[in-house]
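>>> Fold the following and give me the result.
(2 chains)
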Amino acid sequence: MHELSMAEEMKNLVLRKSDGHQVLCVDISIGALSGVVKDSLDFCLQSVFGEAFGPGLKLTTRWVPARALCGCGNEFELPGPLDPCPACSGFNRTLEGGWDVTINFIEIDDGKQP
Amino acid sequence: MKRTVDMQSPAMERNQRQAEANRALFHALGVRVFNLISSPGAGKTTLLEATADRLKERLAVIVGDLATARDADRIRRHGCQAVQIETGGGCHLNAEQVAHAFTEIKTEKVKVLIIENVGNLVCPSAYDLGEEMKIGMLSLPEGDDKPGKYPTLFLRTGLVLINKMDLAPVMDYDFDRVYNDCRTLNPGVRFLSLAAKTGLGLDDWNRFLTGEG
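Prediction:
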C-alpha cells in the first residue's frame, strides 16, 4: 500500500545520505509482513529513482520472508501469516523479521581519485 | 571512487520520527494514547460517544475522516474535547496530522486520548501515530473472517474489540475463529466484547483505558 509515497520518501532519504554525490546503486529489503506489494514498489521505485538518479542506477529490492520460532522448537520461514508450523502443525510461535521496508545501503561515487 | 554507504534506514523514517516525538510528548503529559482502527461502520464513533459519557473531560479524541466534521461534533456533545482531521482524500492518518491536531487540545485534565482513524482495515496499519497501542475493532455484522483476511493490521493490534454484541442472537458468528486467527497473528492479543449501544462491556473498556484493567 502507498508504494508511490513510500518510493518518494526513500528517494529523499537517499538524496540526503548521498550528499550531492552520484548514486550508483540502492539496495532495499521488503519485509513480508510490511503490507507492501513488491511489484508495485518496484514499479514506483523505477519511476521515482530513475527520474532522480538517472537510468544508470542499479536498484535491487529483496523480499525478506517472516521467520517464525515455534513453541515446538522448529524455526521456519512463514509462507503466510496464518500458516501452521510444518513440524507440529501448531500455531504457537513468535515472528521474527520481515516487518518493514528498509534501505540497506547505497553505493556512491565520491568523486575522489582511488 | 566508488564507496558503499551503509544506511539501514526504514522507508517510513519521516513518519517514524514524528511518531516518536508524539510518543515522547504524550508520555511527558501523562496521557495514554490509543489508535482505534476498523472498517467504516463498525461503531467507533458510537463507542467514543459512550466513552465520553463516562470519562468526560478526562478523554480527548482526534478523529480522521475524508470529509465532514460529523464525528467530532457528535463526540463533543458527550462532554469531551474532539478535534476533527479532514484528510481530503487520505485513507489513513499520519503522525504529522496527529501532532498538528494535538496542539488544539487543552491537556490539563486529559488522561486518555483516542485517535479514531479513518475507517479502513488496510492503510492505517502502516502508520505509527505515537500511540501506546493499536486497537482493532470488529463488529458482528462484518463476519468472523476479517482478521484472517486483513493480517497486516491484526499482526499489529494489542487489543481487539468485538462490537455490536447485542446482535449476537440474530447472527451466526464464529467467535472461536476470530480468537484463533487473532492469536495466530499476535499471540499476546487481548479481546473485549462490547455493545456500545447497550453498554455491554463498557466498564471493562473504561478500566482498560484508564489503566485499571
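>>> make it CA atoms for all contacts and neighbour counts henceforth
Fine.
>>> Show me what from chain B comes close to chain A.
B:1-12, B:14, B:123, B:126, B:148, B:151-152, B:181, B:184-185, B:187 (CA under 8 Å from any CA of the partner chain).
>>> Out of the helices and strands in chain B, which is least certain?
For chain B, counting by mean pLDDT, DSSP states H and E, helix B:70-76 ranks last in confidence among helices and strands (a mean of 93).
>>> Only the C-alpha atoms, please, for that one, written as CSV.
Output of helix B:70-76 as CSV, limited to C-alpha atoms (Å, rounded to 0.1, in the frame of the first residue of the first chain):
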residue,chain,number,x,y,z
ARG,B,70,-19.7,15.0,11.8
ASP,B,71,-17.8,12.6,14.1
ALA,B,72,-16.0,15.2,16.2
ASP,B,73,-19.3,17.2,16.5
ARG,B,74,-21.1,14.0,17.7
ILE,B,75,-18.4,13.1,20.2
ARG,B,76,-18.0,16.6,21.6
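>>> any idea which helix or strand comes after that helix?
Counting by DSSP states H and E, the next helix or strand C-terminal to helix B:70-76 is strand B:81-86.
>>> give the contact list for the residue nearest to the spatial centre of chain A.
In chain A, the centroid-proximal residue (CA atoms, centre = their mean) is residue A:29; its distance is 1.9 Å. With contacts defined as CA atoms under 8 Å, 6 or more residues apart in numbering or on different chains, residue A:29 is in contact with A:61, A:62, A:63, A:64, A:100, A:101, A:102, A:103, A:104.
>>> Who wins on neighbours among those?
residue A:101 (26 neighbours; other CA atoms under 10 Å in any protein chain shown).
>>> circling back: list of residues touching the least confident helix or strand of chain B?
By CA under 8 Å, 6+ apart, the residues outside helix B:70-76 that reach it are B:45, B:48, B:49, B:52, B:61, B:62, B:63, B:81, B:82, B:83, B:84.
>>> With stretch B:28-48 instead?
By CA under 8 Å, 6+ apart, the surrounding residues in contact with stretch B:28-48 are B:26, B:71, B:74-75, B:107, B:110-121, B:124, B:129-139, B:142, B:163-164, B:196-197, B:209-210.
>>> Of those residues, which belong to helices?
Among these, the members found in helices (DSSP state H) are B:26, B:71, B:74, B:75, B:209, B:210.
>>> for chain A, what spans make up the strands?
Assigned by DSSP state E, chain A shows strands spanning A:22-31, A:58-64, A:67-70, A:75-77, A:93-96, A:101-109.
>>> Output those in TSV; the columns should cover distance to residue A:86.
Listed next are the strands of chain A as TSV, based on distance: least, CA to CA, whole Å:
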stretch	distance to residue A:86
strand A:22-31	21
strand A:58-64	19
strand A:67-70	10
strand A:75-77	8
strand A:93-96	12
strand A:101-109	27
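>>> Adding distance to residue B:19 and mean pLDDT, write the ones you listed out as TSV.
Formatted as TSV, those follow (distance: least, CA to CA, whole Å; pLDDT from 0 to 100):
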stretch	distance to residue B:19	mean pLDDT
strand A:22-31	21	97
strand A:58-64	25	97
strand A:67-70	27	93
strand A:75-77	30	95
strand A:93-96	23	90
strand A:101-109	17	97
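>>> Quick one: name the residues of chain A near chain B.
With CA under 8 Å from any CA as the criterion, chain A meets chain B at residues A:1-2, A:6-7, A:9-10, A:13, A:33-35, A:81-82, A:91-94, A:100-114.
>>> burial of residue B:131, as a residue count?
22.
>>> any idea how far it lies from chain A?
18 Å (CA to the nearest CA, to the nearest Å).
>>> Would you mind confirming that that residue makes contact with residue B:25?
No - counting by CA atoms under 8 Å, residue B:25 is not a contact partner of residue B:131; they are 10.9 Å apart.
>>> so what sits against both of those two?
With CA under 8 Å, 6+ apart, residue B:131 and residue B:25 have no common neighbours.
>>> Tell me which residues of stretch B:113-121 come out buried.
B:113, B:114, B:115, B:116, B:117, B:118, B:119, B:120, B:121 (16 or more other CA atoms under 10 Å in any protein chain shown).
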